[in-house]
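*Asks:* Only the shape, not the letters, is given here:
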Ligand SMILES: CSC[C@H]1O[C@H](OP(=O)(O)O)[C@H](O)[C@@H]1O
Ligand SMILES: Nc1ncnc2[nH]cnc12
């Protein structure tokens with residue numbers, strides 16, 4: 001036994017062994033209520049600085065999520081669920097992200113509000129790499145038919161999506177802009193911008209051509225990624241308040257004298273962005289905790305909306321579909 005342990009030491013560094021032991025001993029179920037969900041994007045694969053209380057990997061009616069979900073607790077007792085959108089080792093293409101399973105798993109844990117982090121290209125001069133943006137609008141440029149609804153299979157529903165993000169979540173994040181200012185970066189919001197901030201969601205995985213980048217700018221768009229859809233639509237159907245936090249990594253390819261965007265250029269800013277994302281999240285959680293009713297209200301923001309969004313009369317709803325939807329909207333149909 002001790003010989004086995006010694007040979008493991010030779011193969012793996014002590015820190016790795018300690019890390020895997022701590023993961024192995026975590027509970028794999030969680031029966032409490034998780035209030036906040038966090039989706040980590042490129043470069044943001046784990047939650048730092050909070051006590052981890054469980055790691056779950058639920059099979060939802062739409063399959064398994066992108067990664068196991070880490071459940072952590074703040075010192076004040078708020079539970080936060082963290083999920084890595086592209087998997088822990090970044091193995092999932094934007095078009096392949098199992099967004100339905102991700103959102104369903106978070107909702108089933110009780111999550112009422114999601115903070116979704118994303119690396120984006122900037123389409124405007126004033127949004128510099130490493131600035132953050134709270135978008136208010138989306139233009140859908142996805143092309144490969146990513147599954148974008150929990151409905152179908154005999155049940156038809158149409159969710160309202162005119163304002164795809166949660167203004168209440170955004171206003172809490174706005175109060176934390178000092179976190180970015182302390183490191184010389186900006187948080188761009190409707191207030192700083194004096195109007196909407198539009199996020200283009202392209203299919204990828206290749207970056208845009210220059211002509212596309214110019215076209216998006218002519219549409220008045222501000223930032224571009226490959227991730228917000230269908231995530232935001234599914235959060236809406238699951239009645240979860242959702243806000244994306246865009247972290248600029250590059251100027252895409254509209255600046256004519258500059259090289260086009262590459263993964264290398266993106267990754268050069270990801271480390272600083274992830275550190276700032278952690279700080280912003282910590283400040284936002286503290287902001288939520290100043291008034292317990294804030295989180296409760298966020299969870300109630302969309303409550304009941306999907307009951308009335310379903311147009312299929314009760315007698316025509318297939319039992320199997322109702323059962324599936326019960327996972328995210330229990331007792332609704
Ligand atoms: C690594 S550059 C392109 C990639 O980055 C963004 O991912 P995420 O939103 O998960 O941070 C973008 O949407 C693309 O998927
Ligand atoms: N320029 C860009 N286009 C699409 N997604 C991105 N993610 C980061 N930079 C991007």
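*Replies:* Now that the structure is in, tell me what you want to look at. Computed from a predicted structure; not experimentally measured. Ligands and ions are numbered 1, 2, ... in the order given.
*Asks:* what about the strands in the stretch 101-250 of the chain?
*Replies:* Along the stretch 101-250 of the chain, the stretches classed as strands by DSSP state E, counting those that start in this stretch are 113-122, 132-133, 137-141, 187-188, 198-202, 223-225, 241-250.
*Asks:* For the third one, enumerate the helices and strands it packs against.
*Replies:* What it means is strand 137-141. Under the contact criterion of 3 or more C-beta pairs under 8 Å, 6 or more residues apart in numbering; DSSP states H and E, strand 137-141 touches strand 198-202, helix 228-237. All C-beta spots, glycine's among them, are computed from the backbone N, C-alpha and C.
*Asks:* starting at the chain centroid, how far to the last one?
*Replies:* Its chain's average C-alpha position is 10 Å from that of helix 228-237, according to C-alpha atoms, centre = their mean, to the nearest Å.
*Asks:* and what of stretch 245-259?
*Replies:* 21 Å.
*Asks:* mind putting the helices and strands packed on strand 137-141 in CSV, distance to residue 324 included?
*Replies:* Shown next, in CSV, are these (distance: least, C-beta to C-beta, whole Å):
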stretch, distance to residue 324
strand 198-202, 26
helix 228-237, 13
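*Asks:* Which residues of the chain lie near ligand 1?
*Replies:* 41-42, 85-86, 94, 118-119, 204, 225-227, 263, 266 (C-beta under 6 Å from any ligand atom).
*Asks:* Of those, which pair is most distant in space?
*Replies:* Based on C-beta to C-beta, the longest span within the residues of the chain next to ligand 1 runs between 85 and 263 and measures 16.1 Å.
*Asks:* mind checking which of the helices and strands packed on strand 137-141 is nearest residue 81?
*Replies:* helix 228-237 (13.3 Å).
*Asks:* Bridged to the residue sitting nearest the centre point of the chain, which residues?
*Replies:* Taking C-alpha atoms, centre = their mean, the centroid of the chain lies closest to residue 116, which sits 2.5 Å from it. Under DSSP bridges, the beta-bridge partners of residue 116 are residue 39, residue 244.
*Asks:* Count the residues that sit near the residue in the stretch 51-200 of the chain that ligand 2 sits nearest to.
*Replies:* Ligand 2 sits closest to residue 121 of the stretch 51-200 of the chain, with a gap of 2.3 Å, by C-beta to the nearest ligand atom. Residue 121 has 27 neighbours, counted by other C-beta atoms under 10 Å.
*Asks:* per-residue pLDDT, the closest residue to it other than its chain neighbours?
*Replies:* Sequence neighbours aside, residue 252 is the residue nearest to residue 121 in space, at 3.7 Å (criterion: C-beta to C-beta, 6 or more residues apart in numbering). Residue 252 carries a pLDDT value of 97.
*Asks:* Over to residue 162?
*Replies:* Residue 162 is given a pLDDT of 98.
*Asks:* that older thread, buried ones from the residues of the chain next to ligand 1, can you make that a ChimeraX selection?
*Replies:* To isolate the buried members of the residues of the chain next to ligand 1 in ChimeraX, using 16 or more other C-beta atoms under 10 Å:
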select :41,42,85,86,94,118,119,204,225,226,227,266
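*Asks:* Quickly name whichever of the residues of the chain next to ligand 1 is closest to residue 311.
*Replies:* residue 227 (29.3 Å).
*Asks:* returning to that earlier point: can you list the residues of the chain next to ligand 1 in CSV and add distance to residue 278 and pLDDT?
*Replies:* Below are the residues of the chain next to ligand 1 laid out as CSV (distance: C-beta to C-beta, whole Å; pLDDT from 0 to 100):
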residue, distance to residue 278, pLDDT
41, 13, 97
42, 15, 96
85, 16, 98
86, 18, 98
94, 23, 98
118, 15, 98
119, 15, 98
204, 26, 98
225, 20, 98
226, 23, 98
227, 19, 98
263, 22, 95
266, 18, 93
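*Asks:* residues in contact with stretch 295-303?
*Replies:* Stretch 295-303 is contacted by residues 35-36, 78, 112-113, 166, 168-169, 236, 239-241, 288-289 when judged by C-beta atoms under 8 Å, 6 or more residues apart in numbering.
*Asks:* right, and the pair among these with maximum separation?
*Replies:* Distance extremes for the contacts of stretch 295-303: the farthest pair is 236 and 289 at 25.6 Å, using C-beta to C-beta.
*Asks:* can you pull up the bridge partners for the residue of the stretch 51-200 of the chain closest to ligand 2?
*Replies:* residue 224, residue 250.
*Asks:* Let me know the pLDDT of it.
*Replies:* Note on residue 121: pLDDT of 98.
*Asks:* Surely it and residue 249 touch.
*Replies:* Yes: the pair residue 121 / residue 249 is scored as a contact, 6.9 Å apart, by C-beta atoms under 8 Å.
*Asks:* and residue 268, what does it touch?
*Replies:* residue 249.
*Asks:* That one: which element?
*Replies:* helix 263-289 (DSSP states H and E).
*Asks:* Quick check: buried residues in stretch 194-212?
*Replies:* Those would be 197-204, 207-208, 212, for stretch 194-212 by 16+ other C-beta under 10 Å.
*Asks:* Oh, that last question was meant for stretch 262-279, not what I typed.
*Replies:* So, applying 16+ other C-beta under 10 Å, buried residues of stretch 262-279: 265-266, 269-270, 272-274, 276-279.
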